[in-house]
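Asker: sequence unavailable; structure follows:
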């Protein structure tokens, strides 16, 4: 079928390519004229036959919002907009209502697959009206992997909600592997940590694509010496925790995984300054080498910090 | 090669069978005469040619300890004992020292694979002396899966340490999926939760054997209505957390997963009684319908409990 | 000074009373004519001399929002509105901007003190313009306790932000006591748990008002047998976690405290159904007594549930 | 009454002094002859009249163990040993059994109070036989604060168990304040963070001695700029978590507090290296600036690290 694609970056460009290989006619628009088929969103809309389908694949937040608003002004009743970006499900509901007021359909689509998607297909989680989704099925069939990889998850927002939860689960799984690695590295009996991970790839409960990736990373850098313990978080991790709080659902593991990333980006933990301060207060004002005190001129910070006796520790 | 197998239950029996299919000569002993090749451990030892190899596959703790002690009295210098059970790595170190004092080798082996192991092979994590492990390699080669599935992880104890960490990671991954499911179920936009999980099986970051199992479980019981939220924990989960504390390694996700299992087995949370008690105290003694108060004769406990005003909540 | 008070419930009524005892002239309005000095907000505004000060003490959310909007239409430039309810700091910023556009000042005030406040004073955390707060100081001086109990915490929203964090800390402290109690109760060596808590009231690191309250609760009900482990959460706890996520600040303790309350209100943990389902899958389809399976007709649920063997547990 | 005191350091010395001021006859022994009344444990025992009472106040672990063993050889049936150090309750049970075999009583006593104890008294939690404790009551009465501060918590081990739990609660409370401080500091509306803490000292739910200490610390260093976020943990925190695991009691808050201290002592989080490694793998091998990559020669580590695009992030 014919489809417009807005945003021809790494994701949008590859998806357009996969669609063309699958026999669809894609009219692409990007701010970069070098990759764009048309000069403007207006021209894109004019080039499509009604009823139109326009897939928006631009960064979540303001860019997606602006694109959908502009499309709302250009499209006609009966057309459909698909938001394939990483939007917050709450924004989907707003966009759905806005477009719905003009008779334009809206489908949200969470997409997983990254750089391997062009070849292997993209896992798609979609939300919206059944009739809209049925009209788009030829496109979804081409984009998805050979097996599984597609769900009509529910109402508008359900696609991004499901994708958000997918990413939350991903956070927890990554942190589980990470904690396991740290404990193995701390052990004085285990001497082949990369070998242990490799041994788990077949016949175990934890075999998974993430384990495969980790084995590959350890092949390249067996003790991960080339890396710092520092990780960004994407919006989905935060939204998952906020959705949990909104729905009164306890998510201890996913939240701990998000917080571990927050902490990894701190040079020094503000909270632990307070703990250090309190521990110094226990010892009274006479303590000379305070816990956590900034070591002026020391090369190895912390090396010379002698913790004060606990208030309740018997001396001798 | 020739090997003795002590314990012919679900695991030991299948492992003996896989070894026999692989061309090894297995002499098996079990307390149950119906499945045992010999009448006693003594006879088992007598039937084996020196230097002997005896694989112990009995429950961890006292049974394993008693078996290894008895074998220590029956075997000779140059023989090797393999503990393939779920022993604590700290016990391995004791067993290794005891047998070592008699010139008997000791190898600990964490085994993963369960009921599928007979057919697909068992993932093996072993600890011990290189020379002992080299002698046993024909056995390990037959037991392990076609690909990967074997590591000489380090010193005595390293095999069970690695298996323990494997199980810790497993706890975290299971809980991550569990939290994701709970949040999806709580959503009012997502209507096809089993479909969402199924859609993730290919092309996503979280594809894994556990996801496959969960999809299968949801195929059988889409809303898990036949189950209560109740889960046992195995020793390895607890040992993982205790090893973390011993090694000063923070394991927030694995620990949260263990605690979630503890909590699942409580009819009522003792800790939350204290929170309820404190909240009642905020309101002073005049509060009539106390939070958390046992609803006598109520069908739906909690339904009629009206939380007292927060101390700081403005009335109107 | 003269002040209007909107909302004469438990909190607003007592605060009005404390202000009158302190020599201020309070004109009170409440929907309940029995306690109200005036018939409407309009009459309240007419009764006050310019520049007016109106303290809003109604439930957070829609009631506060509606009240402030109506006041915005009735008041004049130079007047000040104080929101003393439990509003979200984000709402303060909106209210401040709306009123500011009409030249009306806005001060947000987090209030702590509950039923003891009338006698002992209320701790006040305020946010807003310095000039507005200076004008209101006579009122704050009368309301606050003899010692401390007042801070101009920062810009508009800072008062409720500080109160929100106060409540977050409160969650963590309550949960810390609760966990300690549960562990003491689980011990088989400690036989006088209430006595232990009582012994901590003087000379220890954890002496606190919350400990005093807990000792009082245990005096009344030494094993808390009259209570269920069930606790509501107030908005502030959720907002604290959401603010943490927004600010990328890890709050493991406060979040765990909130999640413990969420979990306390579940009859059965949905997440743990997934863990049970996965554990059943480990054992293959032949498992007869499934873990977590609903015990039909059993009086004591769970009592007859035999967990299946772990996939990797050696049998014997 | 007459009592022997072994260990005259900061705690033991002050306790001996408080006992003498209270009219007791204390014979003290310390390895340091300058403060010791006798030359050896043997002489100490000889100087005491039967039935003797000897208070051991030396570091937990080996020193306490050695002292109690030596006293076991020197004392007679009917004598009592009190362990006032920070021993693990599991060790108490061993010591009690060893001494009990010789007819010597054993009482464990958890002590709180630190440097203020000499003046204000020490909170005492004791475990052991009722008859032994009754004999020692004159000593306990003198040591404890005027009000409360004493509990016979249960069997041998109960005193140290209760003290251990006290410290676990202390960890949770400290972390709750610490998290609150960090969130306030991160806010862009709150400008007077020390003022907020000060305002909470009276009339609030969280008023406590720890809050008083924190206000004092903030008086000295309002933004805690002189401290690093680094905190030791004492044995009791670890024992609390291990006891929780042994008793299948979920302790999310206390455990999170312990883990926060572990993490504070890491220059870099090993676990987060794994997360960074996995995130790099998402992007494929073509990623040039890897997340978490060690910035060679950079002054501000991390400053120039550009996170790779998420696998699933749409480009534009």
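Answerer: Perfect, thanks for sending it. All values derive from a computational prediction rather than experimental measurement.
Asker: element containing residue A:73, please.
Answerer: helix A:62-74 (DSSP states H and E).
Asker: over to residue A:137?
Answerer: Secondary structure (DSSP H and E) places residue A:137 in helix A:130-143.
Asker: residue A:77 too?
Answerer: Counting by DSSP H and E, no helix or strand carries residue A:77.
Asker: in chain A, which spans are helices?
Answerer: Along chain A, counting by DSSP state H, helices occupy A:10-21, A:41-47, A:62-74, A:89-100, A:117-120, A:130-143, A:158-186, A:193-199, A:209-220, A:235-246, A:252-264, A:270-282.
Asker: okay if I get those helices as a markdown table plus mean pLDDT, distance to chain B and mean neighbour count?
Answerer: C-beta coordinates here come from the backbone N, C-alpha and C atoms, glycine included. Formatted as a markdown table, the helices of chain A follow (pLDDT from 0 to 100; distance: least, CB to the nearest CB, whole Å; neighbours: other CB atoms under 10 Å in any protein chain shown):
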| stretch | mean pLDDT | distance to chain B | mean neighbour count |
| --- | --- | --- | --- |
| helix A:10-21 | 96 | 12 | 21 |
| helix A:41-47 | 98 | 28 | 17 |
| helix A:62-74 | 98 | 18 | 17 |
| helix A:89-100 | 98 | 7 | 19 |
| helix A:117-120 | 91 | 6 | 17 |
| helix A:130-143 | 98 | 10 | 17 |
| helix A:158-186 | 98 | 3 | 29 |
| helix A:193-199 | 98 | 4 | 24 |
| helix A:209-220 | 97 | 5 | 18 |
| helix A:235-246 | 97 | 6 | 22 |
| helix A:252-264 | 98 | 4 | 27 |
| helix A:270-282 | 95 | 12 | 26 |
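Asker: need those helices in TSV (columns: distance to residue C:80).
Answerer: What follows is the helices of chain A, written out as TSV (distance: least, CB to CB, whole Å):
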stretch	distance to residue C:80
helix A:10-21	52
helix A:41-47	48
helix A:62-74	35
helix A:89-100	34
helix A:117-120	58
helix A:130-143	51
helix A:158-186	42
helix A:193-199	63
helix A:209-220	56
helix A:235-246	33
helix A:252-264	38
helix A:270-282	34
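Asker: out of the ones you listed, flag the one nearest residue B:29.
Answerer: helix A:193-199 (28.3 Å; CB to CB).
Asker: the helix holding residue A:73 and chain D, any residue contact?
Answerer: Yes - using CB under 8 Å from any CB of the partner chain, helix A:62-74 reaches chain D at residue A:63.
Asker: and for stretch A:172-181?
Answerer: Yes - applying CB under 8 Å from any CB, one finds stretch A:172-181 touching chain D at A:174, A:175, A:177, A:178, A:179, A:181.
Asker: from what I can see residue A:95 touches residue A:105, true?
Answerer: No - Residue A:95 lies out of contact with residue A:105 (CB atoms under 8 Å); the separation is 11.1 Å.
Asker: okay, and the common contacts of the two?
Answerer: Both residue A:95 and residue A:105 are in contact with residue A:81, where contact means CB atoms under 8 Å, 6 or more residues apart in numbering or on different chains.
Asker: and residue A:298, what pLDDT?
Answerer: Looking at residue A:298, its pLDDT is 29.
Asker: ok, residue A:265 to residue B:94 distance?
Answerer: 43 Å (CB to CB, to the nearest Å).
Asker: check residue A:228 too.
Answerer: 39 Å.
Asker: equivalent analysis for residue A:37, please.
Answerer: In terms of CB to CB, residue A:37 sits 72 Å off from residue B:94.
Asker: now do residue A:12
Answerer: Counting by CB to CB - residue A:12 and residue B:94 are separated by 61 Å.
Asker: cool, and residue A:41?
Answerer: Residue A:41 is 73 Å from residue B:94, by CB to CB.
Asker: ok and the residue in the stretch 101-250 of chain A nearest chain D?
Answerer: When you check the stretch 101-250 of chain A against chain D by CB to the nearest CB, the closest residue turns out to be residue A:114, at 2.7 Å.
Asker: surely that residue is in contact with residue B:204?
Answerer: No - when contacts are counted by CB under 8 Å, residue A:114 is not listed as touching residue B:204 (9.6 Å).
Asker: more neighbours, the two?
Answerer: Using other CB atoms under 10 Å in any protein chain shown as the criterion, residue A:114 and residue B:204 rank with residue B:204 on top: 27 against 23.
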